[in-house]
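Visitor: I need the structure of the sequence given here:
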Amino acid sequence: MGYSKEKRTMTNVTEEIALIPSGEFLMGSDSEGDHNPVHKVYIDTFYMDKYEVTNTKYLKFCKVTGHQLPEFWNMEGFRCGLDYPNHPVVGVSWHDAVEYAVWCGRRLPTEAEWEYAARGGLAGMNYPNGKTLKPSYGNYTKSEKGGSVAVGSYPPNGFGLYDMQGNVVEWVLDSYDRNYYSSSPSANPQGPSSGKFRVIRGGGWHSGPYCNRTYCRNALPPSWVDFNVGFRCAKDFNLK
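Guide: Numbering: from 1, shown residues only. Now for the predicted structure:
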């Protein structure tokens, strides 16, 4: 289902974080793959970072906590380091992302929250900004950037979130089960109770158009680090 114009204007965007209003949406796609069946999901109001976590922000976390720097830090060609301060950090595992989120008083978004937020209030669309994906809409293979770009370089979606398509793929909280949608709760699903892999969502600069679709699912081992994977954080609405 979609949103009325009045509903969408409830979204309150500050400099760094957006308030995502509660609502129902149709999650997944009936096309072949692990994103079916389509099912109705209700999501409570929550906050979500407007931008992917940047190299500058992640470096501050490492300096304060003594956490190790990302795998590709200052390596030529990965755009990970202070030569690229506002690019999304990459080379971080799911465990690293969780530790960062806890440090800044937040958490990773659930898979359902991520898809709901990525859709930006649009119903029945393949991408965060509509039916199609063009190089002017996001940083993916056809954009031919050869790597990440500074966060916020492309137009935001209807919820004021940037790079929900392209730039880097993002870790989310959930464990992965290809059949989870068949038994997923209808309200605020948290994912399977266990699993070998963690879900990643959204396409990146090294991803083709299909992987940038709002419903597309992928997964990696939680200890994996990748030059095309970063993250953003979320926070419960009742936490100030």
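Visitor: CA only for contacts and neighbour counts going forward, please
Guide: Fine.
Visitor: Can you tell me which residue is spatially central in this protein?
Guide: Central residue check for the chain by Cα atoms, centre = their mean: the C-alpha nearest the mean position is that of residue 170, 4.4 Å away.
Visitor: so what secondary structure elements neighbour the host helix or strand of it?
Guide: With the criterion set as DSSP states H and E, the secondary-structure element containing residue 170 is strand 169-175. Contacting strand 169-175 under the criterion 3 or more Cα pairs under 8 Å, 6 or more residues apart in numbering; DSSP states H and E are the following elements: helix 111-119, strand 198-201, strand 229-230.
Visitor: can you put those in CSV and add mean neighbour count?
Guide: As requested, the helices and strands packed on strand 169-175 are exported to CSV (neighbours: other Cα atoms under 10 Å):
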stretch, mean neighbour count
helix 111-119, 26
strand 198-201, 24
strand 229-230, 26
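Visitor: Which one, of those, ends up nearest to residue 238?
Guide: Shortest distance between residue 238 and the helices and strands packed on strand 169-175, using Cα to Cα, is found for helix 111-119: 15.7 Å.
Visitor: Remind me what the closest one packs against, helices and strands.
Guide: Under the contact definition 3+ Cα pairs under 8 Å, 6+ apart, helix 111-119 sits against strand 23-27, strand 39-43, strand 169-175, strand 198-201.
Visitor: what sits up against the longest one?
Guide: The list of residues contacting strand 169-175 from outside it, by Cα atoms under 8 Å, 6 or more residues apart in numbering, reads 94, 97, 107-111, 114, 190-204, 228-232.
Visitor: correct me, but residue 89 touches residue 59?
Guide: No. Taking Cα atoms under 8 Å as the definition, residue 89 is not a contact partner of residue 59, at 9.1 Å.
Visitor: Of these two, which one has the most company?
Guide: Residue environment comparison for residue 89 versus residue 59 gives the larger neighbour count to residue 89, 31 against 21, counting by other Cα atoms under 10 Å.
Visitor: Can you report how many residues neighbour residue 104?
Guide: 10.
Visitor: for residue 168, same thing?
Guide: Residues lying near residue 168 (other Cα under 10 Å) number 32.
Visitor: what residues are up against it?
Guide: Residues in contact with residue 168 (Cα under 8 Å, 6+ apart) are 88, 90, 148, 202, 203, 204, 205, 206, 228, 229, 230, 231.
Visitor: how far away is the last one from residue 134?
Guide: Counting by Cα to Cα, to the nearest Å, the gap between residue 231 and residue 134 amounts to 23 Å.
Visitor: same thing with the first one?
Guide: When Cα to Cα is applied, the distance between residue 88 and residue 134 equals 21 Å.
Visitor: Strands of the protein, start to end?
Guide: Under the criterion DSSP state E, strands of the chain are mapped to 12-13, 17-20, 23-27, 39-43, 46-49, 169-175, 198-201, 217-220, 229-230, 234-236.
Visitor: that older thread, between residue 88 and residue 134, which is the more surrounded one?
Guide: Each of residue 88 and residue 134 has its neighbours counted (other Cα under 10 Å); residue 88 has more, 29 against 12.
Visitor: Wait, that one touches residue 152, no?
Guide: No. Because the distance of 10.1 Å does not satisfy Cα under 8 Å, residue 88 is recorded as not touching residue 152.
Visitor: Output the below-cut-off pLDDT ranges for this protein.
Guide: Counting by pLDDT under 70, the chain contains low-confidence ranges at 1-14, 239-240.
Visitor: what about residue 192, how many residues close to it?
Guide: 15.
Visitor: Leaving out the residues flanking it, which one is nearest to it?
Guide: Residue nearest to residue 192 in three dimensions, not counting chain neighbours: residue 175, with 5.7 Å by Cα to Cα, 6 or more residues apart in numbering.
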